[in-house]
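**Student:** Predicted model and sequence below, questions to follow.
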Amino acid sequence: MSTVDNAPQLISALRDVLVGPLPEIGSRFSALIADTAPHSSLVIFTRECTGRPRKVAGDPAVVDRVTIAELDHLRSSLAVGQTFRGVMTVAGREREVFAIRDRTDTLLVLTPRAAAARNASLAVVAALFGVVATGIQLQVRNASPAYLAESRAASSERARTVAEMTEIHVATLETILATLRSDDLDDTRARTSARETTSSALIGLRSAVDVHRELAEEAITTAFARMRGELRSLLKHREIELEMVEPPVDGRGLPGEVAHGARAVVRGAVLALADQHTLSRIRVAWSVDGSALLLDIRDDGGGEADVADIERQLRSRVETLGGRIESESTPGWGSRISASLPLDVHLALPVDHTLAELAPREFEVLEHLVAGRRNKAISERLGVSESTVKFHVAGVLKKLGVENRGAAAAVGREAGIKSAN
């Protein structure tokens, strides 16, 4: 059957790839293109996902060993939009690969099955991957509570592991250097050669740490500039002056999930405030106070915005990151929404925690379960029917792998989820 004849089934299957949990999107996409481009392993590399920049499926000999440095080198060697067939170093050795760098700057790497390599339709794969890469980008930019929780947990665990490994290797190599520099050793050439090799290894380790840090953090000025561009696009058809107060240039880097969450909170607040009829100016300011990123959004409207409702809509994102949000509105003077997002992780979820699988509505219901509310109370607060709440509660229990509401609430509390007001 031709690709055109199979288009309806392909599009339907592509939708299933997009709507599932983000950490497993590599496995779903691998299954989708298995017939079009038979392969033994698949790696998606995206800088958008700070917690888990790799989405993988297939042969552990490849997906468990491929490094960020290798993927970053392969990505930078391709032009945006380029499709590559050939040999590249992946997972420690040269392999035959198919590689595609999408215009979103997301990289796809496949190790093809030899028997079917020639018949692989990479043009179709590239088109499908473009949709998947855009879907990943949109999920991350939306910064749902589930994504932020999963990202913070993953980045925290990765940073801890990298730090531990680096300290072990640095201590070992420095010990070797000290030994080789000892006057008790006579072989000058051996000592010189070993010293050079060890010094090179130290540089390599520190470079690896720099790459991980680059993926895990975003300069505050870069994050703010990205947000400025997004806000200008949102307001370009409205007669509203956008005043942006720059953060300090020498401020510390932002963890990736904090940068994503901060932009999502500001976008949500600005869009909601912009709906007022008497509004002519919105002011957005970022600053850093010790160990927290402070967001401040104000307008010069008539104070008619329902800031309590705006705060409720944004609270789940803020509290997932361990932050606080406040709002106020004064008739005739305008409205203000402010939030504080801690830059350091105080409580991290396990890397593979199933909270990442919860849909936004399920996450919201879980917050009410943490508060100990019954279905009727939840339905009243969310403005939906009890049957709808019951449906979402069932979904929460299934995805968390627990048998009752109390156990789900316990999982939520242990993960640091705060109860909904």
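**Tutor:** That came through fine.
**Student:** Would you map the helices across the stretch 151-300 of the chain?
**Tutor:** If DSSP state H, counting those that start in this stretch is used as the criterion, the helices of the stretch 151-300 of the chain fall at 188-216, 220-235, 256-273.
**Student:** Do I have it right that K55 meets P23?
**Tutor:** Yes - if you go by C-beta atoms under 8 Å, K55 and P23 touch, sitting 7.1 Å apart. Just so you know, the C-beta spots here come from the backbone N, C-alpha and C atoms, and that holds for glycine as well.
**Student:** Those two - which one has more neighbours?
**Tutor:** Each of K55 and P23 had its neighbours counted (other C-beta atoms under 10 Å), and the higher figure belongs to K55 (25 against 21).
**Student:** if we look at the sheet, which residues does that one bridge to?
**Tutor:** In this structure, K55 has beta-bridge partners I44, where bridges are defined by DSSP bridges.
**Student:** Could I get the pLDDT score of it?
**Tutor:** Confidence per residue is given as pLDDT, and for K55 that number is 88.
**Student:** Could you measure from it over to A225?
**Tutor:** Shown here: K55 relative to A225, a distance of 27 Å by C-beta to C-beta, to the nearest Å.
**Student:** Check which element follows the helix or strand E96 falls within along the chain.
**Tutor:** In this assignment (DSSP states H and E), E96 forms part of strand 93-101. Next helix or strand after strand 93-101 toward the C-terminus (DSSP H and E): strand 107-112.
**Student:** Contacts made by that following strand with the rest, please.
**Tutor:** Applying C-beta atoms under 8 Å, 6 or more residues apart in numbering, the contact partners of strand 107-112 are 37-46, 58-59, 62, 66, 71, 74-75, 78, 90, 95-102, 120, 125, 129, 133.
**Student:** That one pairs with which strands?
**Tutor:** Within its sheet, strand 107-112 is paired with strand 39-45 (antiparallel), strand 93-101 (antiparallel), according to DSSP bridges.
**Student:** Give the buried residues for the longest one.
**Tutor:** Okay, so that is strand 93-101. Of all the residues in strand 93-101, those buried under the rule 16 or more other C-beta atoms under 10 Å are 95, 97-101.
**Student:** how far does it sit from the chain's center?
**Tutor:** Relative to the chain's own centre, strand 93-101 is displaced by 25 Å; criterion: C-alpha atoms, centre = their mean, to the nearest Å.
**Student:** same check, this time on the shortest one
**Tutor:** Centre-to-centre, strand 39-45 and its host chain are 19 Å apart (C-alpha atoms, centre = their mean).
**Student:** follow-up on the earlier one: out of the strands paired with strand 107-112, nearest to I297?
**Tutor:** Counting by C-beta to C-beta, I297 lies closest to strand 39-45 out of the strands paired with strand 107-112; the figure is 33.8 Å.
**Student:** Of the contacts of strand 107-112, select the buried ones using a PyMOL command.
**Tutor:** Taking 16+ other C-beta under 10 Å as the burial criterion, the selection of buried members of these in PyMOL is written as:
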select buried, resi 37+38+39+40+41+42+43+44+45+46+58+62+66+71+74+75+90+95+97+98+99+100+101+102+120+125+129+133
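**Student:** Could you identify the most distant pair in the buried residues of strand 93-101?
**Tutor:** Of all pairs drawn from the buried residues of strand 93-101, the greatest distance, 17.5 Å, lies between R95 and R101 (C-beta to C-beta).
**Student:** Which strand residues bridge the closest residue to H39 other than its chain neighbours?
**Tutor:** Sequence neighbours aside, L110 is the residue nearest to H39 in space, at 4.2 Å (criterion: C-beta to C-beta, 6 or more residues apart in numbering). In this structure, L110 has beta-bridge partners L42, F98, where bridges are defined by DSSP bridges.
**Student:** sorry, back to before: wait, which of the strands paired with strand 107-112 is closest to A305?
**Tutor:** Using C-beta to C-beta, the nearest of the strands paired with strand 107-112 to A305 is strand 39-45, at 39.9 Å.
**Student:** mind checking which helix or strand L314 is in?
**Tutor:** Assessed by DSSP H and E, L314 sits inside helix 307-320.
**Student:** how close does S27 sit to F45?
**Tutor:** For S27, the distance to F45 (C-beta to C-beta) stands at 15 Å.
**Student:** residues in contact with the nearest residue to F84 once chain neighbours are set aside?
**Tutor:** Distance criterion C-beta to C-beta, 6+ apart; nearest residue to F84, sequence neighbours excluded, is A99 at 4.3 Å. Taking C-beta under 8 Å, 6+ apart as the definition of contact, the neighbours of A99 are 74, 78, 83-84, 88, 107-110.
**Student:** Now for A394, how many residues are close by?
**Tutor:** For A394, the number of neighbouring residues by other C-beta under 10 Å comes to 11.
**Student:** After whichever strand or helix holds it, which helix or strand is next?
**Tutor:** If you go by DSSP H and E, A394 is part of helix 386-400. Heading C-terminal from helix 386-400, the first helix or strand you meet, by DSSP H and E, is helix 405-414.
**Student:** How far away from the center of its chain is that following helix?
**Tutor:** On the basis of C-alpha atoms, centre = their mean, helix 405-414 is displaced by 24 Å from the centre of the chain it belongs to.
**Student:** Now do it: which elements does it pack against?
**Tutor:** With contacts taken as 3 or more C-beta pairs under 8 Å, 6 or more residues apart in numbering; DSSP states H and E, helix 405-414 sits against helix 360-370, helix 386-400.
**Student:** Just send those back as TSV, with distance to R336 and mean pLDDT too.
**Tutor:** Shown next, in TSV, are the helices and strands packed on helix 405-414 (distance: least, C-beta to C-beta, whole Å; pLDDT from 0 to 100):
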stretch	distance to R336	mean pLDDT
helix 360-370	24	86
helix 386-400	32	89
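**Student:** which one of the ones you listed is the most hemmed in?
**Tutor:** helix 360-370 (a mean of 22; mean count of other C-beta atoms under 10 Å).
**Student:** rewinding a little: tell me the one of the contacts of A99 nearest S338?
**Tutor:** Ranked by distance to S338 (C-beta to C-beta), the contacts of A99 are led by L107 at 38.0 Å.
**Student:** count of residues packed around that closest one?
**Tutor:** Using other C-beta under 10 Å as the criterion, the residues surrounding L107 number 24.
**Student:** Perfect, that will be all.
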